[in-house]
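1. pasting the structure only:
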């Protein structure tokens, strides 16, 4: 029995008819052609399929499309187009924090969620935030570097801004 | 892999959920956070005709303090165990266990009730529930009953919840003056299944430890209460001799499974090491 669902994906209302067994990841990839959400393990182990569901990172492979009915989904495409993670993406590139790139979208999701709630994370906190994201190429060190550097850039930009405001 | 086909219904009440289960002749699985159910479907370990989503049922949500007991709705997410101020104060072992449970994104969806009802022998919250002497509130077509955590965990993936019944809430008695807790585990990787874990609660008095409650996990088919170790500590101050006696007592408390990669003797050894660590680092919570 198919189900009609309505959800918001990257700010746009989406209506789809899906089989109940369709995962949110398959809905995004197959129906909506948002293939930035990667499928690695399909059992919640690798973290390549992370998306924001009502603002919090979840595994799109472990959520059914029907469960997301009425909710807001943001994918890596949405974050990319909004420019919210431009600095994070650039620093990943600068720091060689990706090689094949398969895990990167999930890594960016975890990093984005971490930095949204903690503007000055320690390396341990970054590692904890990434503990559910597998990378099989780079060995994590460069990824931790990139997230840490992004946090530093954002903090120093904020400090400059508040100084400018103070001077006015 | 992809899940086999199934039907899906979002229940609006517990009665609704139970009647959907009955209508499916029991060929149904309740869906809470889904973070154990979904992988089991993808791996084709089970193939129910119907999934009954419990996430919209108001009666399963909420955290409230009532007459010295904290009532934690079964749908409470793992991340709330990490962040909720009431849980931090009134169910501190859940808060202490939460950082060890899986990874951040899993904690955003996984539920406390789901974890307890699933009863994985390597998972943290069941042992914390046993150590805190929690009680589990279960709804059946006959009514509602409360089962002590000691009687709730029956076997591997098996609990006192009968087919079709729904776990409504977890009730935790508030800490008393002098209460101390400790929680730790040994795992190969952060967030991975524990090779052995320990949840400890006791009351520190002038006459030594009282009400010592020790639950070990990943050492048997369900959380194991270490009664001999509890007795070895009762009425004593925590010192090296008391800890050594508790560690020695584990030989009688545990009968760990034996497998080629992980001999029973190794698990017993690790349980002793871990219990020693936890007892040496008990933390006052009230």
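-> Structure received. Not measured: the values here are computed from a predicted model.
2. can you point me to the longest strand in chain B?
-> In chain B, taking DSSP state E as the definition, the longest strand is strand B:194-205.
3. so residue A:65 makes contact with residue A:16?
-> Yes. Using CB atoms under 8 Å, residue A:65 is in contact with residue A:16, at 7.1 Å. For glycine as for every other residue, the C-beta is placed from the backbone atoms N, C-alpha and C.
4. direction included, what does the longest strand of chain B pair against?
-> Strand B:194-205 has these partner strands in its sheet, going by DSSP bridges: strand B:179-187 (antiparallel), strand B:208-217 (antiparallel).
5. residue of chain A nearest chain B, please.
-> residue A:132 (2.7 Å; CB to the nearest CB).
6. go through chain A and flag its longest helix.
-> helix A:141-167 (DSSP state H).
7. now that helix: buried residues?
-> A:142, A:143, A:144, A:145, A:146, A:147, A:148, A:149, A:150, A:151 (16 or more other CB atoms under 10 Å in any protein chain shown).
8. neighbour count winner among residue A:65 and residue A:16?
-> residue A:65 (25 against 18; other CB atoms under 10 Å in any protein chain shown).
9. around chain A, pick out the residues from chain B.
-> Residues of chain B found near chain A (CB under 8 Å from any CB of the partner chain) are B:1-8, B:10, B:31, B:34-35, B:38-39, B:41-43, B:51, B:53, B:55, B:79, B:99, B:102-106, B:108-109, B:190-191.
10. show the buried residues in these.
-> Buried, going by 16+ other CB under 10 Å: B:3, B:6-8, B:10, B:31, B:34-35, B:38-39, B:41-42, B:51, B:53, B:55, B:79, B:99, B:102-106, B:108-109, B:191, out of the residues of chain B next to chain A.
11. list the contacts of the closest residue to residue A:79 other than its chain neighbours.
-> Distances taken as CB to CB, 6 or more residues apart in numbering or on different chains put residue A:85 closest to residue A:79, at 4.9 Å, once the chain neighbours are dropped. Contacts for residue A:85 (CB atoms under 8 Å, 6 or more residues apart in numbering or on different chains) come out as A:79, A:108, A:111, A:112.
12. now residue A:85. Its backbone dihedrals?
-> The phi/psi pair for residue A:85 (degrees, to the nearest 10) reads phi -120, psi 20.
13. tally up the residues packed near residue 134, please.
-> In the absence of a named chain, this looks at chain A. 17.
14. chain B, not that one
-> Counted by other CB under 10 Å, the residues lying close to residue B:134 total 28.
15. doesn't residue B:174 make contact with it?
-> No. Between residue B:134 and residue B:174 there is no contact under CB under 8 Å: 11.5 Å.
16. hey, where'd the helices end up in chain A?
-> A:24-26, A:76-82, A:86-94, A:104-117, A:123-129, A:141-167.
17. and the third one, what does it pack against?
-> Contact partners of helix A:86-94 among helices and strands, from 3 or more CB pairs under 8 Å, 6 or more residues apart in numbering or on different chains; DSSP states H and E: helix A:104-117, helix A:141-167.
18. from residue B:24, how far out is the residue nearest the centre of chain B?
-> The residue lying closest to the centre of chain B (CA atoms, centre = their mean) is residue B:126, at 1.4 Å. Distance of residue B:126 to residue B:24, given as CB to CB, to the nearest Å: 27 Å.
19. looking at the buried ones among the residues of chain B next to chain A, which are in strands?
-> Counting by DSSP E, these contribute B:7, B:8, B:10, B:31, B:51, B:53 to strands.
20. which residues touch the last one?
-> Spelled out, that is residue B:53. Residue B:53 neighbours (CB under 8 Å, 6+ apart): A:66, A:67, B:8, B:9, B:10, B:11, B:31.
21. list the contacts of the second one.
-> What it means is residue A:67. Counting by CB under 8 Å, 6+ apart, residue A:67 touches A:24, B:31, B:34, B:53, B:55.
22. tabulate those in TSV, adding columns for pLDDT and distance to residue A:116.
-> Output for the contacts of residue A:67, formatted as TSV (pLDDT from 0 to 100; distance: CB to CB, whole Å):
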residue	pLDDT	distance to residue A:116
A:24	98	21
B:31	97	28
B:34	94	24
B:53	98	28
B:55	95	24
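23. make CSV out of the residues you listed and add distance to residue B:130.
-> Conversion of those to CSV gives the following (distance: CB to CB, whole Å):
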residue, distance to residue B:130
A:24, 34
B:31, 25
B:34, 25
B:53, 28
B:55, 26
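24. wait, which of those residues is closest to residue A:75?
-> residue A:24 (9.8 Å; CB to CB).
25. my read: that closest one touches residue A:64, true?
-> Yes. Between residue A:24 and residue A:64 there is a contact under CB under 8 Å: 6.7 Å.
26. ok and the helix or strand of chain A with the lowest mean pLDDT relative to helix A:86-94, angle-wise?
-> When the helices and strands of chain A are scored by mean pLDDT, DSSP states H and E, helix A:141-167 comes last with a mean of 93. Between helix A:141-167 and helix A:86-94, the angle comes out at 140 degrees (axes from the mean of the first three to the mean of the last three CA atoms, to 10 degrees).
27. what packs against helix A:141-167?
-> Against helix A:141-167 (3+ CB pairs under 8 Å, 6+ apart) you get helix A:86-94, helix A:104-117, helix A:123-129.
28. just say which of those is most tucked in.
-> Of those, the one with the most neighbours on average (mean count of other CB atoms under 10 Å in any protein chain shown) is helix A:104-117, at a mean of 22.
29. that one and chain B in contact?
-> Yes. Using CB under 8 Å from any CB, helix A:104-117 reaches chain B at A:110, A:113.
30. centre of the chain to that helix, how far?
-> 5 Å (CA atoms, centre = their mean, to the nearest Å).
31. and what of stretch B:160-175?
-> 11 Å.
32. report the buried residues of that stretch.
-> Buried residues in stretch B:160-175, counted by 16+ other CB under 10 Å: B:160-161, B:164-172, B:174-175.
33. got it, and stretch B:242-258?
-> Buried positions in stretch B:242-258, judged by neighbour count with 16+ other CB under 10 Å: B:242, B:243, B:246, B:247, B:249, B:250, B:253, B:254, B:256.
34. residue B:71 belongs to a strand?
-> Yes. Counting by DSSP: H, G, I helix; E, B strand; the rest coil, one finds residue B:71 located in a strand.
35. do I have it right that it meets residue B:174?
-> No. The criterion here is CB under 8 Å, and residue B:71 misses it with residue B:174 at 11.3 Å.
36. which neighbours do the two share?
-> What both residue B:71 and residue B:174 touch, as defined by CB under 8 Å, 6+ apart, is the set residue B:65.
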